[in-house]
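Peer 1: sharing a sequence plus its predicted fold:
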Amino acid sequence: METLRLSAKQYLIAITVGIACFLPPFIGEATNIALPNMLNGLGYTMGPDYWGLYGWILTVYLLTSTIFLIPAARLADKFSKKWFFCIGVLLLGIGSLGVGMSTSGEMVLMMRAIEGIGNALMFGTAIALLASAVKIELRGTAIGIAMTGVFMGQLAGPLLAGALTDVFGWSMVYLILCPVALLSFFLALPFIPRDQPTDKGPYDWIGAVLFMIGMALSLYGFSKQPNAEAFGILIVGIILLIAFFFYEKRNANPLIPINLILHNRGFTFNNSANLLYYVAIYAMGSLVSLYMTNVWGITDALPRALIVTTQGLILVLFTIVAGRFYDHLLPRWLLGSGVLLTIAGIAGAFLMGAASAEPVWLTGAILSASIAAFGIGSLILTAIDRLIKNAPPKYATTTGLLIISIGMIVLLTCGTETAIWSMIAVQALFGVGIAIFVTPNSTAIMNSVTRQEFGMASGTLSTTRMLGMAISIGIVSILKNIFLAGASDNYSASFLQMLDGTIIAALIVLVLAMILSWTAGSVKNA
């Protein structure tokens, strides 16, 4: 029997897409670490203005990304996914350069909006380009390579942000992205093949306007709750999105194929699970950083970054394994290796001794936790693969969400006393759970549609991701308005109440995501 493997050209395409996909998560994770220092550097102190700018710096990027993703992806179907991808990479570099050179909060917001548009153009086409270049039997492996780029961004983001912020200042965190963006652009030109337009019908301009205005008003109004005026804006946005839904349903060439959403359960349920996953998990990065800073008193950026790096390191190491699980290509030796790595990681953790916030101790603890987590993850996926013949993706995606939920419960037990091992355990559980969920979920979505629908599916996948992130930040903004509005002196106690409320809401959302993921089905198309 012929061994299935990617060709050298397909590896180059996957790696090129992966390098580009490195940029947005790096920006997101690095911002979580650098944001307290950025606000202080721009002259803001803890108070209403501080929290207002904090929320907007996170929200404007997500808002612009979300409202442009679907319209941009559909335009790319009419012209060229490759060129939209390349333009998006350049805009990410320009926006990052602008943030790094900013001298005011207003300038940061404008540059973050440019980053968001670049993210929409790049991520809205990336998975479609990759899916088109690889046959269905190897799509999970290829997407796993590209997702490794995403998770390398999550790994490098906090680590480099912590080191660069402490040594050079927060601006360098963004300036360093410019050469990476240029590298992505120049690699994409020769390695990503030119694609032909897949949509020859008229562009749905009315649908695009309804979607963009409705989504913008809905997200803005939601983020400002509880507020009567903002509630009115939210209602107007929802009405426009309802009008968009009915308009698209009757449109011969819609921006979003409503009939596909209504009748393709695998596509709809997996996208819904993806949306809820990001609603639950995204805000935790910034909240954990603020938690360690304002409650535990870890003011140096590097120790905070090292703790968060646990998650990213596991994701980088384990995501390709998850992709190979989807394609049923796990090597036989993975079970034995999983046992040995689990034992070695746990033994290393015991040998580390008393917890410390010193970088040397943290590095050893993170390596021990990552080795153990890789071993445990390997055992879980190998067991599923051995016990359930041709296991459908729902076994991996639901298990991943369950592991993330366990991490949330551990985080809920953290209080005012510094508990570094607990936080490392939280990050390790998040890392394993995310790796097991994301690649099978993304691959299942792309495999539930036809080749002609790849662009739309890639854009929808990215839109649910960005929308979930925006809702996650919106929920935090609402809880911030509830718990921190009246806090004047004791921010720590109020912040802990807000964090606990966020975690409980996240657990409810994760349960809903598990139900959707389990019932999604596993229909595959060529």
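Peer 2: Right, received. Where do you want to start?
Peer 1: now the helices for the stretch 51-200 of the chain?
Peer 2: 81-100, 105-133, 139-167, 171-175, 177-191 (DSSP state H, counting those that start in this stretch).
Peer 1: least confident of these, on average?
Peer 2: Considering the helices of the stretch 51-200 of the chain one by one, the lowest average pLDDT is found for helix 139-167, at a mean of 78.
Peer 1: longest helix of the chain?
Peer 2: If you go by DSSP state H, the chain has its longest helix at helix 8-41.
Peer 1: now it: buried residues?
Peer 2: For helix 8-41, the buried set under the neighbour-count rule, 16 or more other C-beta atoms under 10 Å, comprises 10, 12-39. Backbone N, C-alpha and C define where each C-beta goes, glycine included.
Peer 1: same thing with stretch 399-406?
Peer 2: If you call a residue buried by 16+ other C-beta under 10 Å, then stretch 399-406 has these buried ones: Thr399, Gly400, Leu401, Ile403, Ile404, Ser405.
Peer 1: Pro158: which of these is nearest?
Peer 2: The closest of the buried residues of stretch 399-406 to Pro158 turns out to be Ile404 (C-beta to C-beta; 18.1 Å).
Peer 1: ramachandran angles for the closest one?
Peer 2: Backbone geometry at Ile404, expressed as degrees, to the nearest 10, gives phi -60, psi -40.
Peer 1: ok so, going back, now the helices of the stretch 51-200 of the chain as CSV including distance to Phe269 and mean neighbour count?
Peer 2: What follows is those, written out as CSV (distance: least, C-beta to C-beta, whole Å; neighbours: other C-beta atoms under 10 Å):
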stretch, distance to Phe269, mean neighbour count
helix 81-100, 26, 23
helix 105-133, 18, 24
helix 139-167, 18, 25
helix 171-175, 37, 22
helix 177-191, 32, 17
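Peer 1: these: which one's closest to Ser65?
Peer 2: Between Ser65 and the helices of the stretch 51-200 of the chain, the shortest separation by C-beta to C-beta is 4.2 Å, and it involves helix 105-133.
Peer 1: give me the angle between the closest one and helix 8-41.
Peer 2: Per axes from the mean of the first three to the mean of the last three C-alpha atoms, to 10 degrees, the angle that helix 105-133 makes with helix 8-41 is 170 degrees.
Peer 1: may I have stretch 275-285 exported as PDB, CA atoms only?
Peer 2: C-alpha atoms of stretch 275-285 as PDB (Å, rounded to 0.1, in the frame of the first residue of the first chain):
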ATOM      1  CA  LEU A 275     -17.100  30.200  17.800                       C
ATOM      2  CA  LEU A 276     -17.900  29.100  21.300                       C
ATOM      3  CA  TYR A 277     -14.400  27.800  21.900                       C
ATOM      4  CA  TYR A 278     -13.000  31.300  21.200                       C
ATOM      5  CA  VAL A 279     -15.700  33.000  23.200                       C
ATOM      6  CA  ALA A 280     -14.600  30.800  26.200                       C
ATOM      7  CA  ILE A 281     -10.800  30.900  25.800                       C
ATOM      8  CA  TYR A 282      -9.600  34.100  24.100                       C
ATOM      9  CA  ALA A 283     -10.000  36.700  26.900                       C
ATOM     10  CA  MET A 284      -8.200  34.400  29.300                       C
ATOM     11  CA  GLY A 285      -4.800  35.400  27.900                       C
END
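Peer 1: in that stretch, what counts as buried?
Peer 2: When neighbours are counted by 16+ other C-beta under 10 Å, the buried residues of stretch 275-285 are found to be Leu275, Leu276, Tyr277, Tyr278, Val279, Ala280, Ile281, Tyr282, Ala283, Met284, Gly285.
Peer 1: now the end-to-end length of stretch 130-150.
Peer 2: This stretch, stretch 130-150, spans 14 Å end to end (C-alpha to C-alpha, to the nearest Å).
Peer 1: what about the helices of the stretch 51-200 of the chain, which gets the closest to Ala349?
Peer 2: Distances from Ala349 to each of these were compared by C-beta to C-beta, and the smallest falls on helix 139-167, at 19.8 Å.
Peer 1: follow-up on the earlier one: just the buried residues of stretch 399-406 now: which is nearest Lys249?
Peer 2: Out of the buried residues of stretch 399-406, the member with the shortest distance to Lys249 (by C-beta to C-beta) is Leu401, at 30.7 Å.
Peer 1: can you get me a residue count around the closest residue to Ile239 other than its chain neighbours?
Peer 2: With C-beta to C-beta, 6 or more residues apart in numbering as the measure, Gly214 is the residue that lies nearest to Ile239, at 7.7 Å, once sequence neighbours are left out. By the other C-beta atoms under 10 Å criterion, the neighbourhood of Gly214 contains 21 residues.
Peer 1: what is the mean pLDDT for stretch 419-427?
Peer 2: Stretch 419-427 carries an average pLDDT of 88.
Peer 1: next, the buried residues of that stretch.
Peer 2: Going by neighbour count (16+ other C-beta under 10 Å), the buried part of stretch 419-427 is Ala419, Ile420, Ser422, Met423, Ile424, Ala425, Val426, Gln427.
Peer 1: looks like the last one contacts Leu315 (just checking).
Peer 2: No - taking contact to mean C-beta atoms under 8 Å, the distance of 10.2 Å between Gln427 and Leu315 leaves them out of contact.
Peer 1: helices of the stretch 351-500 of the chain, start to end?
Peer 2: With DSSP H, counting those that start in this stretch as the criterion, the stretch 351-500 of the chain has helices spanning 359-387, 393-412, 420-447, 454-483, 491-518.
Peer 1: Leu187 is nearest to which of those helices?
Peer 2: Minimum separation from Leu187 across the helices of the stretch 351-500 of the chain (C-beta to C-beta) falls at helix 454-483, 19.3 Å.
Peer 1: that closest one vs helix 491-518, what angle?
Peer 2: In terms of direction (the same axes, to 10 degrees), helix 454-483 departs from helix 491-518 by 150 degrees.
Peer 1: what's helix 454-483 packed up against?
Peer 2: In this structure, helix 454-483 makes packing contacts with helix 48-78, helix 105-133, helix 205-223, helix 265-281, helix 420-447, helix 491-518, judged by 3 or more C-beta pairs under 8 Å, 6 or more residues apart in numbering; DSSP states H and E.
Peer 1: tell me how far it lies from the chain's centre.
Peer 2: Taking C-alpha atoms, centre = their mean, to the nearest Å, the mean C-alpha location of helix 454-483 is offset from the chain mean by 10 Å.
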